[in-house]
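Colleague: Build me a model:
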Amino acid sequence: MASGSVAHTMLSISAADIYIYHAPSKQPEIILQALSGFLPKWQLYPLQILSKTVFRISAVPSPSSTPDSLRATRLSLNNLETEHELQIAILPSSLRSPEGTPKLAVFDLDSTLIAAEVIDELARSIGVMPAVAAITERAMNGEIDFAESLRLRVSLLKGVEVPKVWDDLKSRIQFMPGAAELCRALRRLGIRIAVFSGGFVPMATWVAQELGIERLAANQLISSPATAEIGYEHLTGELDPDAVVVTAEKKREFLKAFAAEYDVPLSRVLCVGDGANDLLMLGGVWQAGGLAVAFRAKDKVQREAGNRYNGTSLKSLLFLFGKTEDEITSLTTDDVQGAEKVTPRLMPGLRLETKMA
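Modeller: Alright, predicted model coming up:
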């Protein structure tokens, strides 16, 4: 629900891979015939089956294609997706080459890596969810920006017991289906992972530890020791004034800093998010020719992000690396010995420990 949108441009593509996710009942040949009608000036090569429900077509866009016409073509395919119950991604073929495959991956947290919005769960724990939801609605309508909406919502969390609430959340919040498998595969491919969240450091740190994520950014809350009014350690309803607020703009800054740290261009980054607060970092990766995916995203994000995926499992994003189902199974199979433990580090301007009032 954050501010920020991306310019409607798309990197010129001289050679493309078109990935199509389809229902098992759909025949790829029929889908290909329909696709040809939407891309009359494109050269389409024979399809390559990746699984029973995913195939890839290598293609060469029309020689007269421009960034604007490529964007218009992508939008026109929305009709094909609806008519045939498909999900389509168009990516530069270079993403499958050894010189072009992603080296870094950046994720949002809430409703992306985990199947919950943490601030909503905190609000429910003390019965203020309706008030928090009203502020969220104002932010989504553009009445207030993300930073202000966050401060207003956090102010309603005064009295939430800590660290008890974090332990409670860890016991019941579920990871998004496929999150663990996707992160396991990325690590095996040598891809470094970060999570940049408009949520809070305690949950982001726990998720990073569980999934083997090495860098993170999230907001830090202030807690207070027990008082005469509240007889246990609790949140004060304030954000740490000495730490940055993770807005859409900050997510983009952290994305660039993470890439610069490892000397990786944005064209070799996988970026996944679901909210308007993710649009600037998604847009930065997309416009650079990288792999930007709106995952089960809000309507606005699906319209403006580079590609969208509304399936049930994050693991299926591995098809966009050109992997077959057998290769994905090999990459995601759990190691009996377990993954090497990773100690996540915060991006500059943030603190790991909760600040006490």
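
Colleague: buried ones in stretch 69-87?
Modeller: Buried residues in stretch 69-87, counting neighbours by 16 or more other CB atoms under 10 Å, are found at L70, T73, L77, L80, E81, H84, L86, Q87. From N, CA and C alone the C-beta is placed, and that goes for glycine too.

Colleague: Looks to me like the first one is in a helix.
Modeller: Yes - according to DSSP: H, G, I helix; E, B strand; the rest coil, L70 belongs to a helix.

Colleague: That one contacts P61, correct?
Modeller: Yes - look at L70 against P61 with CB atoms under 8 Å: they come within range, at 6.6 Å.

Colleague: All the helices of the stretch 101-250 of the chain, residue numbers only.
Modeller: Assigned by DSSP state H, counting those that start in this stretch, the stretch 101-250 of the chain shows helices spanning 118-125, 129-140, 146-155, 164-172, 179-188, 201-211, 248-261.

Colleague: Nearest approach to I328 belongs to which of the ones you listed?
Modeller: Closest approach to I328 among those is made by helix 179-188 (7.0 Å; CB to CB).

Colleague: Buried residues, the closest one. List them.
Modeller: A179, A180, E181, L182, C183, R184, A185, L186, R187.

Colleague: and the least confident of the buried residues of stretch 69-87?
Modeller: Minimum pLDDT for the buried residues of stretch 69-87 is recorded at L70 (76).

Colleague: tell me the pLDDT at the nearest residue to P348 once chain neighbours are set aside?
Modeller: Nearest non-adjacent residue to P348, counting by CB to CB, 6 or more residues apart in numbering: A257, 7.2 Å away. For A257, the pLDDT comes out at 97.

Colleague: Next: A147.
Modeller: 91.

Colleague: Near it, how many other residues are there?
Modeller: Residues lying near A147 (other CB atoms under 10 Å) number 21.

Colleague: Make sure it is actually in contact with V245.
Modeller: Yes - using CB under 8 Å, A147 is in contact with V245, at 4.9 Å.

Colleague: all strands for the stretch 201-350 of the chain, in order.
Modeller: Ranges of strands within the stretch 201-350 of the chain are 215-219, 221-224, 234-239, 269-273, 291-295, 307-309, 345-346, based on DSSP state E, counting those that start in this stretch.

Colleague: Any chance of TSV for those strands, columns mean pLDDT and mean neighbour count?
Modeller: Formatted as TSV, the strands of the stretch 201-350 of the chain follow (pLDDT from 0 to 100; neighbours: other CB atoms under 10 Å):
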stretch	mean pLDDT	mean neighbour count
strand 215-219	97	25
strand 221-224	95	19
strand 234-239	96	20
strand 269-273	97	28
strand 291-295	95	26
strand 307-309	91	22
strand 345-346	93	16
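
Colleague: Could you dump those strands into TSV and include distance to S14?
Modeller: Converted to TSV, those look like this (distance: least, CB to CB, whole Å):
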stretch	distance to S14
strand 215-219	33
strand 221-224	48
strand 234-239	46
strand 269-273	20
strand 291-295	17
strand 307-309	18
strand 345-346	38
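
Colleague: Could you say which one of those strands comes nearest to I126?
Modeller: Of all the strands of the stretch 201-350 of the chain, strand 234-239 sits nearest to I126, with 9.4 Å by CB to CB.
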